[in-house]
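*Asks:* I'll drop the sequence and a predicted model, then ask my questions.
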Amino acid sequence: GAVVSQHPSRVICKSGTSVKIECRSLDFQATTMFWYRQFPKQSLMLMATSNEGSKATYEQGVEKDKFLINHASLTLSTLTVTSAHPEDSSFYICSAPGTGGLTEAFFGQGTRLTVV
Amino acid sequence: SQQGEEDPQALSIQEGENATMNCSYKTSINNLQWYRQNSGRGLVHLILIRSNEREKHSGRLRVTLDTSKKSSSLLITASRAADTASYFCVPYGGSQGNLIFGKGTKLSVKP
């Protein structure tokens, strides 16, 4: 199956700094990628949909200036958490639909962000 | 967009037993997908069943779909400790732009 590579898998950063998370589709092109966050023992919450060549679409309540998304190419989408605070500590996961559209989604390994 | 509701929220069984998880949804679907998430990892697509199918098998997995009741079930036979994970059902209507996840069923298989 298709592979989505996400890194880093873990990152610890200081309050006020920015962190970039990368999500790459390794063997297919992804014009769309989804970014989720997941708090402990909670489900995935969709944050935004990134589209290659255009602006990302953010879900209600997600600050677009805080969570910067760039879909620079057909194989790379990045999420930058700017001016991170401890409440941004979470598990962030990206996914991309397969060639058949949303009949199957391929997920990255996730990034555990801890802001101290 | 709609999400599935998994039941039970948590399930604990012994290795070798079968595990059954149920899913209910609200509106008509194009297909329904099941995903697994190991603790601290991304999700893995397990199986997809289309709205015109009633049952589907994949290895030790058996999925049923009853569109009249808007429900689905996932059966894992002869469970193993490695099946310990959270399982999510995702009803997909065909027109929505993304997949929405519910709270899932947390399965614990004890050796």
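*Replies:* Right, received. Where do you want to start? Residues are numbered from 1 along each chain as shown, chains lettered A, B, ... in the order given.

*Asks:* for chain B, tell me whether the lowest-mean-pLDDT helix or strand in chain A is touching it.
*Replies:* One helix or strand of chain A scores below all others by mean pLDDT, DSSP states H and E: strand A:101-107, with a mean of 79. Yes - against chain B, strand A:101-107 shows contacts by Cβ under 8 Å from any Cβ of the partner chain at A:102-107. For every residue, glycine as well, the C-beta is placed using N, CA and C.

*Asks:* list the contacts for A:Ser50?
*Replies:* Applying Cβ atoms under 8 Å, 6 or more residues apart in numbering or on different chains, we find A:Ser50 in contact with A:32-35, A:56, A:69-71, A:77.

*Asks:* what about 10 Å?
*Replies:* If a contact means Cβ atoms under 10 Å, 6 or more residues apart in numbering or on different chains, then A:Ser50 has A:23, A:30-35, A:56-58, A:69-72, A:76-79, A:94, A:96 as its contacts.

*Asks:* so the closest residue to B:Gly97 other than its chain neighbours: helix, strand or coil?
*Replies:* Nearest residue to B:Gly97, sequence neighbours excluded (Cβ to Cβ, 6 or more residues apart in numbering or on different chains): A:Thr49, at 6.5 Å. Three-state assignment for A:Thr49 (DSSP: H, G, I helix; E, B strand; the rest coil): strand.

*Asks:* in the sheet, who's paired with whichever residue of chain A sits closest to chain B?
*Replies:* Closest residue of chain A to chain B, Cβ to the nearest Cβ: A:Phe107 (3.7 Å). Per DSSP bridges, the residues bridged to A:Phe107 are A:Ser95.

*Asks:* nothing else from me, thank you.
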